[in-house]
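Trainee: Could you look at this predicted model? Sequence included:
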Amino acid sequence: MNIRERKIELRKDMEELRSSITAEEREEKQQRIHERMTKLCSDRLLGAQQQEASVPPTIMTYMPFRSELDVAPLMEWCWQQGIRVLVPKVVADTKTMNLHIIHAYDDLESGAWGIREPHSNVPIEQDLSTISMILVPGLAFDMDFGRLGYGGGFYDRFMQLFAARGLKRPFAVAAAFDKQLIPAVPSSWHDFRVDGIVTESKMVFKTET
């Protein structure tokens with residue numbers, strides 16, 4: 001079985017495993033993860049250096065789908081703290097993502113596959129250097145910071161833009177359930193690795209961050 005086939009099989013297994021978390025368990029786990037994420041964002045986005053920057057601290061996040069961890073409460077917390085929130089909108093023709101500046105839920109609509117996404121008329125952030133942190137979705141992660149995405153390659157292509165534009169890639173973190181941690185994620189050369197993983201029981205980061 002090659003890497004592509006292993007990924008396809010693992011995506012199905014991990015989707016089922018994540019969906020098996022009961023509503024009661026999910027609520028408790030999500031609250032723990034939210035508390036850890038707000039602490040992380042406070043430390044990394046609301047420090048003195050960020051406060052002195054000309055552009056407000058900015059986080060790129062995503063809208064949860066199906067059994068994904070609900071990160072919407074973190075988005076609400078960011079609004080309250082004056083942290084700018086960017087949410088991607090897929091551009092089907094080019095298989096890329098535009099980052100829209102979201103100030104409230106009214107800036108979102110139901111888009112492809114039922115995922116909430118920005119309205120087309122919501123302003124787009126063109127300057128990638130303004131991004132302070134990226135919250136990355138995924139189905140599975142390992143302790144070497146490998147990530148199993150959904151197969152579209154959108155985030156892999158997006159992460160390559162920073163090097164292509166001569167920019168340092170922002171801190172990329174995955175918020176996930178413990179059940180999504182596996183021994184090893186099948187990885188190809190183009191698959192990026194995250195810089196940190198936050199679950200209900202732990203926070204782990206690459207040593208250089």
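Mentor: Noted; the coordinates are in hand.

Trainee: Flag the shaky bits of the chain, pLDDT-wise.
Mentor: In the predicted model of the chain, residues 48-53, 112-113, 208-209 satisfy pLDDT under 70.

Trainee: now the helices: where do they sit in it?
Mentor: 3-19, 23-45, 48-52, 72-81, 154-164 (DSSP state H).

Trainee: centroid residue for the chain?
Mentor: Within the chain, the residue whose C-alpha comes closest to the C-alpha centroid is V136; the distance, by CA atoms, centre = their mean, is 1.9 Å.

Trainee: Against E28, how distant is that one?
Mentor: Separation of V136 from E28 (CB to CB, to the nearest Å): 23 Å. Every C-beta, even on glycine, is put in place using the N, C-alpha and C of the backbone.

Trainee: again, but for N98
Mentor: From N98 over to E28 (counting by CB to CB), the distance is 35 Å.

Trainee: Please name the nearest non-neighbouring residue to E9.
Mentor: Nearest non-adjacent residue to E9, counting by CB to CB, 6 or more residues apart in numbering: M1, 7.5 Å away.

Trainee: if we can go back for a sec, and V194, which of the helices of the chain is closest to it?
Mentor: helix 154-164 (9.8 Å; CB to CB).

Trainee: hang on, the earlier thing: among N98 and E28, which residue is more densely surrounded?
Mentor: It is N98, of N98 and E28, that has more neighbours when counted by other CB atoms under 10 Å, with 18 against 13.

Trainee: wait, the more buried one sits on V87?
Mentor: No. The criterion here is CB atoms under 8 Å, and N98 misses it with V87 at 9.7 Å.

Trainee: Spell out which residues are contacts of both of these two.
Mentor: P118 (CB atoms under 8 Å, 6 or more residues apart in numbering).

Trainee: Show the contacting residues for V85.
Mentor: 58-59, 61, 75, 78-79, 101-103.

Trainee: quick one on the thing from earlier: count residues in the vicinity of the residue nearest to E9, would you?
Mentor: 9.

Trainee: R11 now?
Mentor: Counted with other CB under 10 Å, R11 comes out at 16.

Trainee: now it, nearest residue through space, not along the chain?
Mentor: That would be L139: by CB to CB, 6+ apart, it lies 5.6 Å from R11.

Trainee: how many neighbours does that neighbour have?
Mentor: Counted with other CB under 10 Å, L139 comes out at 24.

Trainee: do you know how far it is from T22?
Mentor: With CB to CB as the criterion, L139 and T22 are 19 Å apart.

Trainee: now do T207
Mentor: Using CB to CB, one obtains 36 Å as the distance from T207 to T22.

Trainee: From the neighbour counts alone, determine which of these two ranks first.
Mentor: For T207 versus T22, neighbours defined as other CB under 10 Å are more numerous around T22 (8 against 4).

Trainee: I'd like the distance between that one and K12.
Mentor: 20 Å.

Trainee: ditto for S67
Mentor: 13 Å.

Trainee: between these two, which one's more packed in?
Mentor: S67 (17 against 11).
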